[in-house]
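[1] one predicted model, sequence on top.
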Amino acid sequence: MSIILQPHDVLLVVDVQRDFLPGGALAVPDGDAVVPILNRYIALARRSRDA
C-alpha cells in the first residue's frame with residue numbers, strides 16, 4: 001500500500017498507551033504490532049512536512 005500525503009493532510013495519533021502493549025495493565029494480544037506502523041506514518045508525515 002502506498003500512502004501519499006497532500007499539503008494539508010494531518011496525522012492524528014490518539015491514545016497510544018503502554019498499558020495496551022504486552023506486559024501492560026490492559027494488554028491486548030499483538031498490541032505492540034501497531035508501534036512500527038505508527039512510526040512509519042510519523043516518519044512519512046515528517047518527511048512530507050519538510051519537503
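    Right, received. Where do you want to start?
[2] where's the residue of the chain positioned farthest from its centre, which helix or strand?
    In the chain, A25 marks the outermost C-alpha relative to the chain mean, sitting 20.7 Å out by C-alpha atoms, centre = their mean. Assignment of secondary structure by DSSP states H and E places A25 within no helix or strand.
[3] just the element for the spatially most central residue of the chain, please.
    In the chain, the centroid-proximal residue (C-alpha atoms, centre = their mean) is L38; its distance is 1.8 Å. Under the criterion of DSSP H and E, L38 resides in helix 34-50.
[4] and that helix, what's buried?
    Residues A45 are the ones in helix 34-50 that count as buried (16 or more other C-beta atoms under 10 Å). C-beta coordinates here come from the backbone N, C-alpha and C atoms, glycine included.
[5] pLDDT weak spots in the protein?
    51 (pLDDT under 70).
[6] stretch 3-12: end-to-end distance?
    End-to-end span of stretch 3-12 (C-alpha to C-alpha, to the nearest Å): 15 Å.
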